[in-house]
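>>> task: produce atomic coordinates for the following.
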Amino acid sequence: MTTTTLAVLVPLLPFLGAAAGLLLGRTSPGFVRPLAVLPPLASLVLAVTVAVRQGGGQAIDAHTELTPTGSVPIELALHIDGFAALVAVLVGVVATCVQIYSTGYLRDDPRYPSYAALVSLFTSAMLLVVYSGDLMVLLVGWEIMGICSYFLVGHYWETPEARAASLKAFLVTKLGDVPFLIGLFALATDAGSFRITSVLGTVASGGLHHPTLVALLLLAGVAGKSALFPLHTWLPDAMAGPTPVSALIHAATMVAAGIYFVARLLPVFQASSAAMVVLAVMAGVTMAGSGLAALAQDDIKRVLAYSTIGQLGYMAGALAVGDRGAAVFHLLAHGAFKALLFLAAGVVIHASGTNSLAVMSRMKGLRNRVPDAYWTMTVALLALAAIPPFSGFFSKEAVLGAAEHVATGHTEHAPGAAGWIVLTTGMVTAVLTAAYATRLWLLAFHGQGTEAPDHGRQPVTMTAVLWVLAVPSLAFGLTYGPLPDWFDGRDLTPVLTTSVLGTGLALVGVVITYGAWRHTTAMALRVPLGAVAAHPDADAGLVEAEAIASHEPAFGDVAYVPDPADPGRLLLGPLHRHAAVGFHLDAVYHALFVRPVQAGAQLVRFLDREVVDTYVRGAGALPRWLGAAVRRAQTGNVQTYVSALLAGTVVLVVAAVLVATGA
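Okay, the predicted model is just below:
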């Protein structure tokens, strides 16, 4: 079988599995789990085969015209280079692990068949984006992921949080997709084709007429899909969906699509220095802001959500300094340890009955209840904090090293300003990342107080997947040597300066957070669990929708809020309250967009009721009045009719005489 045929089957198999799952889910429930697991597993095997055959060498290209358009052709095209081959393997690994994990996590969920089918469709759409060589076909996968995220985030539709989160995710990403679509059309118009190779050829020859405008339009869509500032607000709220969905979205689909798109079309963005600086600013604000917000979150999944936003900022920063190899290296490493973090968090949530870190901090022995989650999550958090020799260290240092090269003028792939922005904010974020990772680990697994509830052993399908993902989280970074052969050939070896600074700052974050935790532990133990919810200095708390939907008992009988003795509160000081609500960006959007739209809707409603309806009612009133007058004349009295007939005859005779006399 040819490599091209195998590549076509990679996205096709999960799609067929999704279709079969939707058709057979209710009539043949015994087929649901095999149809959920086997297609992505087979797709993974084929993706590995394609990657081995591609071998990081010449890109594999194949195309056929879908239909004559009369202008810019749309083709079903494949373009598989080293980036595409490895990212497809990542998607296959994470999707397979998520499907296996979900068989245990959602084993009693009545909507599991539709859930599993949507996850397979989600996977197929992302693989289509990865392998596509035509921008219009890529857009199809791009939009299918958007609608899949809407349904999956809203899986627990009984809860208002899930319904609101699914709508928010859909609308915010669509807000970016509108300029994105315009940018794609502008790009294809200049290139005369939607083929990615043709577009890149046009850019290389200087044929792009408005590079800055096109790049900025495309960045709007990327910001929405990959949750970059300022369109990142949907991602923390999307945690209302099932935890395996969070792992899939954060590690291998949806948010990775925007980064991958920029990496695939990086020369388009490099054609505009202004666009590169804008991307660097977006990356810097995303990194630093999300790090501060993560340090203030009480919901364990929201901590991880803001963590994802920060790591996406690192990837965008690597692209802003013109090094897509470092960006995709971090995308691959992050995909492994972030999937592990979310899936391990799902085990912790099931075991503890809550997703509140403050509640977990009052549970003694939780790590003994979930030893698999404890040890694997420790590995993943060390990778997230970029502590050597874990994978996150090598991939993050590749980003910082690339930024340092640009900042010091050793390369001309990007403006020097972009290099300084990424380097500075990247170093600050290294401290913040290590701080919130340490805080999560300490609060979740080293609590003191009431004995943690015992819900028994977790299903093997859930715990086994954690150890599978722990391997790349620990060792994938060591592949920095051969990886350049799959990318652009640029060296990914850690740079001494940024390695020492980055690791030193991460260790500073760990030590400071540990000290703050030790300082606040005694205070936290003095506050009764029920009293914390009523504490006058407490912020509004969050309760995970899935903990309710899965019928897990809550720990305690209060809707818990962040403990005022939280080390994050101590570290952030007065900034904590603002960081906890994402620096009020949702409130800003509500004032700028929601209120004007609501006011416009009220105006339209008034005009419709008081103006348009008035004319409509008036138009109906005149015939009604005439009808009433005519109806009164219909008395049913024959003498009246005869009298009227005679009167009318007399009138006609008189009129005729007058006319004749006048003539």
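>>> in the stretch 101-250 of the chain, which spans are helices?
Taking DSSP state H, counting those that start in this stretch as the test, the helices found in the stretch 101-250 of the chain are 112-131, 135-153, 160-191, 196-204, 211-225, 234-237, 243-251.
>>> output the below-cut-off pLDDT ranges for the stretch 551-663 of the chain.
551-565, 663 (pLDDT under 70).
>>> swap the cut-off to 80 and go again
Residue ranges of the stretch 551-663 of the chain with pLDDT under 80: 551-565, 615, 617-618, 620, 622, 628-641, 662-663.
>>> quick one: the helices in it?
Assigned by DSSP H, counting those that start in this stretch, the helices in the stretch 551-663 of the chain fall at 567-572, 576-580, 585-589, 595-606, 613-633, 638-662.
>>> among these, which is the most enclosed?
Of all the helices of the stretch 551-663 of the chain, helix 567-572 has the most neighbours on average by mean count of other CB atoms under 10 Å, namely a mean of 23. From N, CA and C alone the C-beta is placed, and that goes for glycine too.
>>> CA atoms only for that one, dumped as PDB, please.
Coordinates of the C-alpha atoms in helix 567-572 are reproduced here as PDB (Å, rounded to 0.1, in the frame of the first residue of the first chain):
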ATOM      1  CA  PRO A 567      -0.100  30.300  49.200                       C
ATOM      2  CA  GLY A 568      -1.200  31.700  45.900                       C
ATOM      3  CA  ARG A 569      -3.000  34.500  47.800                       C
ATOM      4  CA  LEU A 570       0.100  35.200  49.800                       C
ATOM      5  CA  LEU A 571       2.300  35.300  46.800                       C
ATOM      6  CA  LEU A 572       0.100  37.500  44.700                       C
END
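>>> residues contacting it, please?
292, 295-297, 435-436, 439, 442-443, 512-513, 516-517, 519-520, 562-563, 576, 579 (CB atoms under 8 Å, 6 or more residues apart in numbering).
>>> returning to that earlier point: the helices of the stretch 101-250 of the chain into JSON lines, with extra columns for mean pLDDT, mean neighbour count and distance to residue 336?
Output for those, formatted as JSON lines (pLDDT from 0 to 100; neighbours: other CB atoms under 10 Å; distance: least, CB to CB, whole Å):
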{"stretch": "helix 112-131", "mean pLDDT": "96", "mean neighbour count": "26", "distance to residue 336": "16"}
{"stretch": "helix 135-153", "mean pLDDT": "95", "mean neighbour count": "22", "distance to residue 336": "20"}
{"stretch": "helix 160-191", "mean pLDDT": "93", "mean neighbour count": "19", "distance to residue 336": "24"}
{"stretch": "helix 196-204", "mean pLDDT": "94", "mean neighbour count": "19", "distance to residue 336": "27"}
{"stretch": "helix 211-225", "mean pLDDT": "95", "mean neighbour count": "23", "distance to residue 336": "21"}
{"stretch": "helix 234-237", "mean pLDDT": "94", "mean neighbour count": "26", "distance to residue 336": "19"}
{"stretch": "helix 243-251", "mean pLDDT": "93", "mean neighbour count": "29", "distance to residue 336": "7"}
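>>> any chance of a markdown table for those, columns distance to residue 591?
Shown next, in a markdown table, are these (distance: least, CB to CB, whole Å):
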| stretch | distance to residue 591 |
| --- | --- |
| helix 112-131 | 33 |
| helix 135-153 | 25 |
| helix 160-191 | 16 |
| helix 196-204 | 39 |
| helix 211-225 | 20 |
| helix 234-237 | 18 |
| helix 243-251 | 28 |
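>>> so which of those is nearest residue 46?
helix 112-131 (10.0 Å; CB to CB).
>>> now the closest residue to residue 134 other than its chain neighbours, what's its secondary structure?
Using CB to CB, 6 or more residues apart in numbering and skipping the chain neighbours, the partner closest in space to residue 134 is residue 77 (4.3 Å). When classified by DSSP: H, G, I helix; E, B strand; the rest coil, residue 77 comes out as strand.
>>> burial of residue 77, as a residue count?
The local packing of residue 77 (other CB atoms under 10 Å) involves 25 other residues.
>>> residue 286: which of the helices of the stretch 101-250 of the chain is closest?
helix 211-225 (8.8 Å).
>>> out of the helices of the stretch 101-250 of the chain, which is closest to residue 617?
Of all those, helix 160-191 sits nearest to residue 617, with 35.7 Å by CB to CB.
>>> ok, residue 465 to residue 37 distance?
Per CB to CB, to the nearest Å, residue 465 is found 11 Å from residue 37.
>>> please read the previous query as pertaining to residue 654.
Distance, residue 654 to residue 37, using CB to CB: 99 Å.
>>> contacting residues for residue 331?
87, 90, 256, 259, 260, 263, 315.
>>> follow-up on the earlier one: give the PyMOL command for selecting the buried subset of the contacts of helix 567-572.
Typed into PyMOL, the line below selects the buried ones among the contacts of helix 567-572, using 16 or more other CB atoms under 10 Å:
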select buried, resi 292+295+296+297+435+436+439+442+443+512+513+516+517+520+562+563+576+579
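>>> so residue 465 and residue 37 - more neighbours on which side?
Neighbours were counted for residue 465 and for residue 37 using other CB under 10 Å; residue 465 has more, 28 against 20.
>>> in which helix or strand does that one reside?
Assigned by DSSP states H and E, residue 465 belongs to helix 460-475.
>>> tell me the angle that helix makes with helix 243-251.
Orientation check (axes from the mean of the first three to the mean of the last three CA atoms, to 10 degrees): helix 460-475 against helix 243-251 gives 20 degrees.
>>> tell me the average confidence for helix 460-475?
Helix 460-475 comes out with an average pLDDT of 94.
>>> which other helices and strands contact it?
helix 82-105, helix 324-352, helix 371-384, helix 391-407 (3 or more CB pairs under 8 Å, 6 or more residues apart in numbering; DSSP states H and E).
>>> need the CA coordinates for it. CSV is fine.
Provided in CSV are the C-alpha atoms of helix 460-475 (Å, rounded to 0.1, in the frame of the first residue of the first chain):
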residue,chain,number,x,y,z
VAL,A,460,-7.2,-0.1,35.0
THR,A,461,-8.1,1.6,31.8
MET,A,462,-7.7,5.0,33.5
THR,A,463,-4.5,4.2,35.5
ALA,A,464,-2.7,2.3,32.7
VAL,A,465,-3.0,5.3,30.3
LEU,A,466,-1.3,7.5,32.8
TRP,A,467,1.9,5.4,32.8
VAL,A,468,1.9,5.3,29.0
LEU,A,469,1.9,9.1,28.8
ALA,A,470,4.5,9.3,31.6
VAL,A,471,7.1,7.9,29.3
PRO,A,472,7.2,10.7,26.7
SER,A,473,6.7,13.2,29.5
LEU,A,474,9.9,12.0,31.0
ALA,A,475,12.0,11.1,28.0
